[in-house]
Structure formats: structure tokens, C-alpha cells
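Visitor: heads up, no residue letters with this:
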């Protein structure tokens, strides 16, 4: 097993262990949907479906890319693909860097199994922004074509890389490469963070070079800085711990990142990841500016147990979303985008100091 493959296995195990989340909050607790006591709706009237990447999804949800490149990852991706197909939701794969290091049938199949099991939903490829500088356009197209992806996510993770032993330290030139990809790829380019959020300024820059889809993945969920610290302590002891531990609380909380991104690119698709755990979180995110939500760890911990447990969990998320929609008088996701909200501190303070606004959307 290569060093990259071993790291992927370790990432999976640490992600589902204690200490992988927080300590920051998502700030979704600072978003309050205004209760509608006379909704004049039946729960059967509520429709959670949305369009995304040319597909009709049963709800605005994406199972975010988590893994790939190993035999263990293949088994997980097989289950994840089955879950996405049965529920009619989008699905992404984890970083495909191992495919470029070792283009073996086994490594490629650990990712391609997702499309085989999910032929009727969007499948999203994935590569790190820091890796783009050494890749050719043909390399990126190989990642897309190998799994028959409908889009490719470029993940930005400078905080994780700086903490990771042997991680990247040079992040120059990434914007230019993303611009090149946005102009030349056969599928749409998605830019995503992995848990530290996207700011208005970053989203604005990316929108100006042609990116139209953003996954803000703010803080409050799985903390990849913490995961890399755990890995480091196992190998190096505490020599670097004091310095890097400061950055466990670095980032933009997910609720704030949604509003940041919507202000940076009002006409684009905004996906929110990072600590989304319930259908109520999804509803709140949509009301303040998101179009879809993404989940990784909540699905991973359940799919490790069984496909059926993951299905039960996600059906519960859809029910929670439907209930929140009814209780705001929202018949559709478009109506939920216009549902009244009240923000409380510290999210309200952030919005005011950053001179942001809730941008109302929907037909």
C-alpha cells in the first residue's frame, strides 16, 4: 500500500472517531425560521425535489466526497453509490489523487464503483487545488472520464495541508489553474472547501474566472486540522502540537459561509457542507442562501454499519426537511428560499460587520 493509500485509510478511521468534529459551531443555531401557525398545507403537498447538474433530485442533498483508492474504500463507495441511487440524491467521491499516482484497475475501480451503483444521479469527481499545478488538462479529464462524472470538484484545503505532515506549503497559481479548467473542462467545475469555509472575496474571485458552483464547507463539522493533528501526534509526538493546535478553531462557520458565498456570487449555485446534520439544518441553510446541502461524516459513520442504516438516516433527513418546510408555509424549495428568517448573535454580528445581506431568491 502506498503512502497516499495508507493516509486515506487512516483518514477514514480518524474521521469516524471521537475528536474529529468541532470545536467551533456551525452557527445554524443562530438561524431561526419564523413559525407559520397557519401553513394551509398538508405534508403531502410539500415537495423537496430540486434540479442539479441536469438531474432531478428527491431533495437538495449531496453525499460529499469522502474516500477512494483502497479496497476498503471500494466497499464503502459501493454502499454509498447504492444509497444515493435509491434515494435519488447526488454523490461525490473522495480525492482522486491516488488514481494519478497508481493508475491500476483496482484503484480506479474503487472510485468508478460509485457510478456503476448510481447511474441515475449526479456523480462528482474530486481533486485538490494544490495538486493542479502539476497536472495537465488530460490528467483531469482522465479523472472525470474514469468515473463518468457529471462535474469535478476542486477542493481547497490550505489549513489542512499546512498542518499535515508532508503536506503542501505552496499555494501560488491555483486560481489561474482553476480558471483554465473552468474554461476547458467537459463538465462543470465546483470549488469546495473541506471545513474552513469560503469567504465572499474568494467566491467573487472564482466567479470572475468562470466558476458557477461552490461548496462552502464551513467550520463546525468534521475538522480536518484536528484529524491531521491526531495523525501528527502518532508520528512526531508533541513537538509541533502547540503551534498547529491553534488552528483547530480557524475558519468561517458554515452558516456565515453560506451568506458570504451568496453575497460573493448571487447568481451561482451554493452548496453548504461542514456540520450539516439534520433536515432542519438543510432548511435553515436554504433560507439564508444555499441551494443544496452536503453531508459526509453522518453518512460515513452509518454506511460503515450498514447500507440500511444510512438509508434510514437520510430518509429521516428528508422528513425533517419536509416538516420544516410545512412549518414555514413553504410548498417547494423555491418557496423555502424566500421564507422569513431571524439571525441572532454571533452570526448576526458577523453579517453586520462584514456588511452582508440575506439575498432572497426563488421564482
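Guide: Thanks, I have the structure now. These numbers come from a predicted model, not from an experiment.
Visitor: What's the per-residue pLDDT of residue 7 here?
Guide: pLDDT for residue 7: 54.
Visitor: Kindly report the same for residue 292.
Guide: At residue 292, pLDDT is 98.
Visitor: One more: residue 234?
Guide: In this prediction residue 234 is given a pLDDT of 60.
Visitor: Next one, pLDDT for the spatially most central residue of the chain please.
Guide: By CA atoms, centre = their mean, the chain has its centre lying nearest to residue 273, at 4.1 Å. You'll see residue 273 listed with a pLDDT of 92.
Visitor: ditto for residue 83
Guide: In this prediction, residue 83 carries a pLDDT score of 97.
Visitor: Okay, it and residue 109: tell me how far apart.
Guide: From residue 83 across to residue 109, the span is 19 Å (CB to CB, to the nearest Å). C-beta coordinates here come from the backbone N, C-alpha and C atoms, glycine included.
Visitor: before we move on, what about residue 218?
Guide: Distance, residue 218 to residue 109, using CB to CB: 33 Å.
Visitor: Show me which of the two is the more surrounded one.
Guide: More crowded of residue 218 and residue 109, by other CB atoms under 10 Å: residue 218, with 29 against 17.
Visitor: And that one, its phi and psi?
Guide: Dihedral angles of residue 218 (phi, psi; degrees, to the nearest 10) stand at phi -80, psi -170.
Visitor: And for residue 184?
Guide: Dihedral angles (degrees, to the nearest 10) for residue 184: phi -120, psi -10.
Visitor: doesn't residue 137 make contact with it?
Guide: Yes - using CB atoms under 8 Å, residue 184 is in contact with residue 137, at 5.9 Å.
Visitor: OK, contacts around the residue nearest to the centre of the chain?
Guide: 62, 64, 192, 215-218, 221, 254, 293-296 (CB atoms under 8 Å, 6 or more residues apart in numbering).
Visitor: among those, which are in strands?
Guide: 62, 192, 215, 293, 294, 295 (DSSP state E).
Visitor: Can you give me the neighbour number for the closest residue to the second one other than its chain neighbours?
Guide: In other words, residue 192. The shortest distance from residue 192 to any non-neighbouring residue, by CB to CB, 6 or more residues apart in numbering, is to residue 215 (3.4 Å). A total of 31 residues lie near residue 215 under the criterion other CB under 10 Å.
Visitor: pretty sure residue 215 contacts residue 295?
Guide: No - at 11.4 Å, residue 215 does not count as touching residue 295 under the criterion of CB under 8 Å.
Visitor: Now for those two: what residues contact both?
Guide: 62, 64, 273.
Visitor: Save these as CSV, and put in distance to residue 128 too.
Guide: CSV is the format used below for the shared contacts of residue 215 and residue 295 (distance: CB to CB, whole Å):
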residue, distance to residue 128
62, 18
64, 15
273, 16
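Visitor: hey, what's residue 90 bridged with?
Guide: residue 62 (DSSP bridges).
Visitor: Tell me who's in contact with the closest residue to residue 34 other than its chain neighbours.
Guide: In space, and not counting its chain neighbours, residue 34 is closest to residue 340: 4.2 Å by CB to CB, 6+ apart. Going by CB under 8 Å, 6+ apart, residue 340 touches 33, 34, 328.
Visitor: lowest confidence element among the helices and strands of this protein?
Guide: Using mean pLDDT, DSSP states H and E, helix 3-15 stands out as the lowest-scoring helix or strand of the chain, at a mean of 55.
Visitor: Okay, strands next: where are they in this structure?
Guide: All strands of the chain, identified by DSSP E, fall at 31-33, 50-52, 55-57, 61-63, 90-92, 123-128, 151-156, 189-193, 213-215, 269-272, 292-295, 341-343.
Visitor: between those strands, which gets nearest to residue 145?
Guide: strand 123-128 (9.1 Å; CB to CB).
Visitor: Give the buried residues for stretch 130-149.
Guide: Of all the residues in stretch 130-149, those buried under the rule 16 or more other CB atoms under 10 Å are 130, 131, 132, 135, 140, 141, 142, 143, 144, 146, 147, 149.
Visitor: And those residues, which is closest to residue 243?
Guide: When these are ranked by distance to residue 243 (CB to CB), residue 130 comes first, at 20.4 Å.
Visitor: Please report how far the closest one lies from residue 22.
Guide: Here the criterion is CB to CB. By it, residue 130 lies 25 Å from residue 22.
Visitor: Tabulate the strands of the chain (a markdown table), appending distance to residue 261.
Guide: A markdown table is the format used below for these (distance: least, CB to CB, whole Å):
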| stretch | distance to residue 261 |
| --- | --- |
| strand 31-33 | 15 |
| strand 50-52 | 16 |
| strand 55-57 | 20 |
| strand 61-63 | 15 |
| strand 90-92 | 18 |
| strand 123-128 | 17 |
| strand 151-156 | 13 |
| strand 189-193 | 10 |
| strand 213-215 | 5 |
| strand 269-272 | 5 |
| strand 292-295 | 12 |
| strand 341-343 | 16 |
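Visitor: Having no further points to raise, I will conclude here.
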